[in-house]
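Enquirer: When you get a sec, could you give me coordinates for this:
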Amino acid sequence: MNRLRPLPGLRFSEHVIEDRGSLALYFAKTSPSVGIYWIDFADGYSYVGQSVSTRTRLAAHRRRWSDAVTVRFAPCLPEQLDELELAAIQHVQEIRPLRNKLLTNRPGGDRDVNVTISPGSSLALPWERARRGAVTSPPSVAAENTGGQAKFESLLRTDTYELLADATAALIGGAIPSPTESQSFLWSVSALPSTNRAPGWRRLLALSAGRLEILRVFEEVTPSTVLYPSFLNAAPNFSRTTLVHALLRAGLSPQVITTGRYRAVAGVQTVRVPDLATLQKLLSDPDVLDAVYQLVITVMRQGSAPLARFHNQPLAADLLERARQGLVPRFS
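Expert: Numbers count the residues shown, from 1 in each chain. You can find the predicted model right below:
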């Protein structure tokens with residue numbers, strides 16, 4: 001057993017597995033069980049995870065994978081697990097490819113990932129935003145009087161719909177890969193969702209990619225005014241300095257950035273935007289679109305389906321048409 005170069009807050013012990021036996025055998029029952037583990041495999045890949053019962057978790061991994069060659073463990077406090085797991089993943093992925101699908105900054109590796117969206121039809125999910133694919137004509141929407149149509153028409157009647165739609169279309173055209181083809185399958189948009197509704201406070205729109213909300217827009221009614229705050233999520237590994245400069249260009253303080261707590265991707269940078277005009281200005285900034293696209297493509301490449309049952313097809317069709325007509329640059 002030897003010691004690795006320490007990460008901040010982590011001190012790993014290392015065990016070389018000579019007989020490919022149980023991984024849990026390398027940890028005594030009296031050893032700490034809460035912490036971060038790191039497994040190397042014979043094919044050059046690694047896996048990093050967290051557990052409050054590491055012996056049990058490693059035994060489960062041994063049943064799944066039989067080619068482990070090295071196992072490492074670093075104890076930590078339970079409240080540190082999420083933060084230190086992300087730090088370990090970001091460290092390991094710089095030197096070895098990962099089998100992790102969640103939390104890694106580049107799921108699926110550096111190459112394009114091609115996903116099948118229907119029999120005989122697939123699309124690419126590239127890391128480079130400039131190669132994301134153009135907005136094509138949206139399919140026609142059946143004129144059925146469904147709940148989705150009714151919610152879309154209700155949203156359409158709001159005084160702020162035009163500004164809301166143009167800002168969201170900017171995001172779709174600038175930060176969603178092949179948005180017409182990937183809608184519902186890899187991203188979804190909802191109209192007037194009931195989540196978190198309270199007197200004077202309701203959601204107007206939510207756009208999600210994979211299992212993660214990317215944009216949430218609210219209506220806040222006070223005795224004296226009506227406000228339209230929104231929350232925009234960006235990739236955790238995107239340069240904070242670059243993002244702050246983009247916020248300053250839009251007239252926002254760096255204090256509007258907080259760290260979101262999402263299981264799908266740890267450390268998401270969440271920007272609170274006070275009004276729709278500022279949101280539209282932000283989403284015309286290539287740096288902001290780069291930050292959002294990095295998050296979108298990460299969660300899409302994790303292979304997780306979005307909340308398709310909430311996808312509002314009439315709203316999506318209108319937003320896609322706005323993006324296609326050139327109200328927003330296709331490759332800004």
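
Enquirer: For the closest residue to W187 other than its chain neighbours, which residues count as its bridge partners?
Expert: Of all residues not flanking W187 in the chain, A209 sits nearest, at 4.5 Å (CB to CB, 6 or more residues apart in numbering). Where you see a C-beta, it was placed from the backbone N, CA and C, and this is true even at glycine. Beta bridges link A209 to W187, L212 when assigned by DSSP bridges.

Enquirer: Pull up the gap between A209 and F238, please.
Expert: According to CB to CB, to the nearest Å, A209 and F238 sit 15 Å apart.

Enquirer: If you count surrounding residues, which of the two has more?
Expert: Higher neighbour count among A209 and F238: A209, with 28 against 19, using other CB atoms under 10 Å.

Enquirer: Would you agree the more buried one is in contact with P179?
Expert: No: A209 is not in contact with P179 according to CB atoms under 8 Å; the separation is 10.3 Å.

Enquirer: Now do the shared contacts for these two.
Expert: The contact sets of A209 and P179 overlap at W187 (CB atoms under 8 Å, 6 or more residues apart in numbering).

Enquirer: Where do the helices of the stretch 151-300 of the chain begin and end?
Expert: 161-175, 179-182, 240-249, 276-282, 286-301 (DSSP state H, counting those that start in this stretch).

Enquirer: can you tell me which of those helices comes nearest to S121?
Expert: Checking those against S121 by CB to CB gives helix 179-182 as the closest, at 7.7 Å.

Enquirer: Output the lowest mean pLDDT helix or strand found in this structure.
Expert: strand 2-3 (a mean of 42; mean pLDDT, DSSP states H and E).

Enquirer: pull the CA atoms of the following helix or strand past it into PDB?
Expert: Per DSSP states H and E, the first helix or strand lying C-terminal to strand 2-3 is strand 13-16. Provided in PDB are the C-alpha atoms of strand 13-16 (Å, rounded to 0.1, in the frame of the first residue of the first chain):
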ATOM      1  CA  SER A  13      -4.800   4.800   0.400                       C
ATOM      2  CA  GLU A  14      -4.000   2.600  -2.500                       C
ATOM      3  CA  HIS A  15      -4.300  -1.200  -2.900                       C
ATOM      4  CA  VAL A  16      -3.100  -3.200  -5.900                       C
END
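
Enquirer: Give the pairing partners of strand 13-16; include direction for each.
Expert: strand 2-3 (antiparallel), strand 68-75 (antiparallel).

Enquirer: roughly how far out does the last one sit from the chain middle?
Expert: Right, the one you point to is strand 68-75. The chain centre lies 28 Å from the centre of strand 68-75; the measure is CA atoms, centre = their mean, to the nearest Å.

Enquirer: Stretch 302-322 now?
Expert: 16 Å.

Enquirer: quick one: terminal-to-terminal distance for it?
Expert: By CA to CA, to the nearest Å, the extent of stretch 302-322 from end to end equals 28 Å.

Enquirer: Just the local confidence number for R301, please.
Expert: pLDDT for R301: 84.

Enquirer: ok, now P138?
Expert: Looking at P138, the pLDDT reads 82.

Enquirer: Does it touch E181 like I think?
Expert: No: with contacts counted by CB under 8 Å, P138 stays clear of E181, the gap being 10.1 Å.

Enquirer: And the helices of the stretch 151-300 of the chain: which comes nearest H311?
Expert: helix 179-182 (11.4 Å).

Enquirer: State the number of residues packed around the nearest residue to A234 once chain neighbours are set aside.
Expert: Take A234 and drop its neighbours on the chain: the residue closest to it by CB to CB, 6+ apart is A291, 3.7 Å away. Burial of A291 is recorded as 28 neighbouring residues (other CB under 10 Å).
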